[in-house]
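Student: any chance you can model this:
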Amino acid sequence: MSKTVRQIYSVALSATTVAVFSGAALAIPAVSGAQTMSCTFTRSLTVGSRGADVTCLQNALVAGGFLSVTPTGYFGSLTKAAVAKWQAAAGVSPAAGFFGAISRAKYAMMMSGTTMPTTPTTPGTTVPGAGVAVSAAAMQPSGSAIAGAGQIDVAKYTFTASNAAGATVTSLKLSRTGVVSDSNISNLYLADESGVVFAQYSSLNNGIAMFEGLNMMVNAGQSRVVTLRMDLSSSASAGNTLGWRLDMVTTSGNGAVSGLPVSGPTLTVTTVTNPSLGAVTYTYVASGSTVDAGTSGFLAHSATVNVTNSAVLLKSIKYTVVGSANTADLKNATLKIGGVAVATASMIGVDGKVVFIPTTDVRIPTGNNTFEVYVDVMGSPNRTMAWNVLRPYDAVFNDTQYNTNVTATTSGTPTTVTINQGRVTISKSTDTPTANIPLGASNITLAKFNFYAGGEPVKLRFLPVTITNVGD
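Tutor: I've put the predicted structure just below:
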């Protein structure tokens, strides 16, 4: 390989993009009250904001004990509530959850080393001396449960760990109250603070529901709010009542649990007919079955979503990537509906799961709608991947007429994609010389080229060069 080629190759690999933010610095104290986390902001943040500054704010709120979910870079209702908690603890008024000039001024003061009080749990929540305390969450569902609806919020429970140590909840036992029978309950779920289901019930017998094999972490001195959801049969009788009482909580190591039993609200069954509840069918559509490693923006998944009766809102959808591909090689996934990007995820989890949560309400009208997932395939040659909605409850749709969730049905089989070996792309550099060559000159650069190895390292063994003479 010539000296010139080695230089071009080196330059191409060393290019780096740097993002610089300026403005008032943010410091939010960690739980210890002494450690601080610094962020930089150039704008006010509110519901709907997204970006690296939102992620930094969320990380800082987590460190301060005001937020207990994984940062997403999107400022939603949970972030708003966490900001409001901090504002109340720090004396910022109004404590409305809007991160504006007043809050930024408060944080600017912290840059001198001043610390602020932290509130690791929801105001009013008792932090146990040891183990986990369980209580009814402040905000509870109320009113009616529509027969035939899916993933109905029926109760919310708060789990608070002691300041001494965190805890892992491994199982729950709940008792059904009211007159609705077990046969009218087709499923029970647990959802996290972002509304994504993370567990399905293990059994339901004689009004006793069990959730086993859980791995729900509660950090030391912090709280988590878990929502119990239920699928209610369309045959449930109007006027019947139902509720759920949390009777038993088991933690790893059988740590102490206080506050039990905890009763949830009582809901009344109702039925609707005109219009009927929205119905959603998710049907897989064949897409490209091969892709070269190193390809960006590849259409990895396609489906037709049919909606009847009433339009629905997409709240979240979870895909599980099945196959031999290394999930670390799959980046920058984008969900498009009708060709419009509605949510993104920069990384795929090590478990192959990726959750898309739209930053704003996404209305899915009645009729057929196209769902597509695009992803950058950075590597994993000679391996496979298939994007699945493994379980119906992995997609959360909300009926716009009755403001209740509905469970989709799935149909078909996703396309299994084979990832081919990577390839080398050679292109002429934009700064390649174009001037005339002086007669008798030496060590003149004749041309510059960029070499891009997609998907896997490539060793360049031969580089034939042809010089074409034009003119005399």
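
Student: low-confidence ranges in this structure?
Tutor: Where the chain drops to pLDDT under 70, the residues are 1-38, 93, 105-126, 454-456, 471-472.

Student: for it, what's the longest strand?
Tutor: When the chain is parsed with DSSP state E, its longest strand is strand 295-308.

Student: what helices or strands is the next helix or strand after that strand leaning on?
Tutor: Beyond strand 295-308 in the direction of the C-terminus, DSSP states H and E gives the next helix or strand as strand 312-322. On a contact count with 3 or more CB pairs under 8 Å, 6 or more residues apart in numbering; DSSP states H and E, strand 312-322 meets strand 330-337, strand 353-356, strand 362-364, strand 383-388, strand 395-399. C-beta here means a position set from N, CA and C on the backbone, and glycine is covered the same way.

Student: in the shortest one, what's buried?
Tutor: Judged by neighbour count (16 or more other CB atoms under 10 Å), strand 362-364 contains these buried residues: 362, 364.

Student: check the longest one too.
Tutor: Neighbour counts using 16+ other CB under 10 Å place 330-331, 333-337 of strand 330-337 among the buried residues.

Student: convert the C-alpha atoms of it to PDB, please.
Tutor: Only the C-alpha atoms of strand 330-337 are listed here, as PDB (Å, rounded to 0.1, in the frame of the first residue of the first chain):
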ATOM      1  CA  LEU A 330     -28.000  -3.100  15.700                       C
ATOM      2  CA  LYS A 331     -28.200   0.600  16.400                       C
ATOM      3  CA  ASN A 332     -30.500   3.600  15.800                       C
ATOM      4  CA  ALA A 333     -33.800   1.800  15.400                       C
ATOM      5  CA  THR A 334     -36.700   4.000  14.100                       C
ATOM      6  CA  LEU A 335     -40.400   3.200  14.100                       C
ATOM      7  CA  LYS A 336     -42.300   4.700  11.200                       C
ATOM      8  CA  ILE A 337     -46.100   4.700  10.900                       C
END
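
Student: just the helices in this structure please.
Tutor: Remark: helices assigned in the chain by DSSP state H are 3-14, 52-63, 77-90, 101-110.

Student: other SSEs contacting the second one?
Tutor: Translated: helix 52-63. strand 25-29, strand 36-40, helix 77-90.

Student: buried ones in it?
Tutor: Residues of helix 52-63 classed as buried under the neighbour-count rule (16+ other CB under 10 Å) are 53-63.

Student: what about the residue nearest in space to the middle of the chain, distance to S175?
Tutor: In the chain, the C-alpha nearest the mean C-alpha coordinate belongs to V355, at 4.5 Å (CA atoms, centre = their mean). According to CB to CB, to the nearest Å, V355 stands 31 Å off from S175.

Student: just T344 next, same as before
Tutor: The spacing between T344 and S175, counted by CB to CB, is 42 Å.

Student: related to what we said a few turns ago, in a markdown table: the buried residues of strand 330-337, plus distance to V362.
Tutor: Formatted as a markdown table, those follow (distance: CB to CB, whole Å):
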| residue | distance to V362 |
| --- | --- |
| L330 | 23 |
| K331 | 23 |
| A333 | 16 |
| T334 | 13 |
| L335 | 9 |
| K336 | 11 |
| I337 | 6 |
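
Student: which one of those residues is nearest Y452?
Tutor: Of all those, Y452 sits closest to K331, with 16.2 Å by CB to CB.

Student: count of neighbours near the closest residue to that closest one other than its chain neighbours?
Tutor: Spatial nearest neighbour of K331, excluding adjacent residues (CB to CB, 6 or more residues apart in numbering): D376 at 4.7 Å. When neighbours are counted by other CB atoms under 10 Å, D376 registers 17.

Student: now D431
Tutor: By other CB under 10 Å, 9 other residues sit near D431.

Student: what do you get for V225?
Tutor: Applying other CB under 10 Å, we find 20 residues neighbouring V225.

Student: all strands of the stretch 101-250 of the chain, in order?
Tutor: For the stretch 101-250 of the chain, strands defined by DSSP state E, counting those that start in this stretch occupy the ranges 132-136, 144-146, 152-161, 167-178, 185-191, 197-200, 203-205, 208-211, 216-218, 223-232, 241-251.

Student: so how far is P265 from S142?
Tutor: From S142 to P265 the distance is 6 Å (CB to CB).

Student: so for those two, which sits in the more crowded spot?
Tutor: Each of S142 and P265 has its neighbours counted (other CB under 10 Å); P265 has more, 16 against 10.

Student: would you confirm that the more buried one contacts A155?
Tutor: Yes: contact criterion CB atoms under 8 Å: P265 and A155 qualify, at 6.6 Å.

Student: mutual contacts of the two, please.
Tutor: Here P265 and A155 have 140-141, 243 as joint contacts, going by CB atoms under 8 Å, 6 or more residues apart in numbering.

Student: just the buried residues out of those residues, in PyMOL syntax.
Tutor: Of the shared contacts of P265 and A155, the buried ones go into a single PyMOL selection, burial set by 16+ other CB under 10 Å:
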select buried, resi 141+243
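
Student: just the shared contacts of P265 and A155 now: which is nearest A256?
Tutor: Closest approach to A256 among these (CB to CB): Q140, at 25.4 Å.

Student: wouldn't that closest one be in contact with K156 here?
Tutor: Yes: between Q140 and K156 a contact is recorded at 5.6 Å, counting by CB under 8 Å.

Student: ok, R363 - contacts?
Tutor: Applying CB under 8 Å, 6+ apart, we find R363 in contact with 311-313, 400.

Student: list the contacts for K80?
Tutor: 46-47, 97-98.

Student: now it: how far from V249?
Tutor: As for K80, its distance to V249 is 29 Å (criterion: CB to CB).

Student: what of V373?
Tutor: 37 Å.

Student: these two: which has the busier surroundings?
Tutor: For V373 versus V249, the count of surrounding residues by other CB under 10 Å is larger for V249: 26 against 23.

Student: list residues touching both of Q140 and K156?
Tutor: Jointly contacting Q140 and K156 under the rule CB under 8 Å, 6+ apart are G264.

Student: pull the number of nearby residues for the closest residue to T359 other than its chain neighbours.
Tutor: Closest residue to T359 apart from its sequence neighbours, by CB to CB, 6+ apart: Y74 at 5.0 Å. Summarising burial for Y74: neighbours were counted as other CB under 10 Å, giving 22.

Student: all strands for the stretch 351-472 of the chain, in order.
Tutor: For the stretch 351-472 of the chain, applying DSSP E, counting those that start in this stretch gives strands covering 353-356, 362-364, 367-377, 383-388, 395-399, 404-406, 409-411, 417-420, 423-428, 449-454.

Student: could those go into a markdown table alongside distance to G129?
Tutor: Compiled in a markdown table, the strands of the stretch 351-472 of the chain are given as follows (distance: least, CB to CB, whole Å):
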| stretch | distance to G129 |
| --- | --- |
| strand 353-356 | 35 |
| strand 362-364 | 45 |
| strand 367-377 | 47 |
| strand 383-388 | 45 |
| strand 395-399 | 37 |
| strand 404-406 | 38 |
| strand 409-411 | 47 |
| strand 417-420 | 53 |
| strand 423-428 | 62 |
| strand 449-454 | 57 |
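
Student: and N326, which of those is closest to it?
Tutor: Of all the strands of the stretch 351-472 of the chain, strand 383-388 comes closest under CB to CB, at 7.2 Å.
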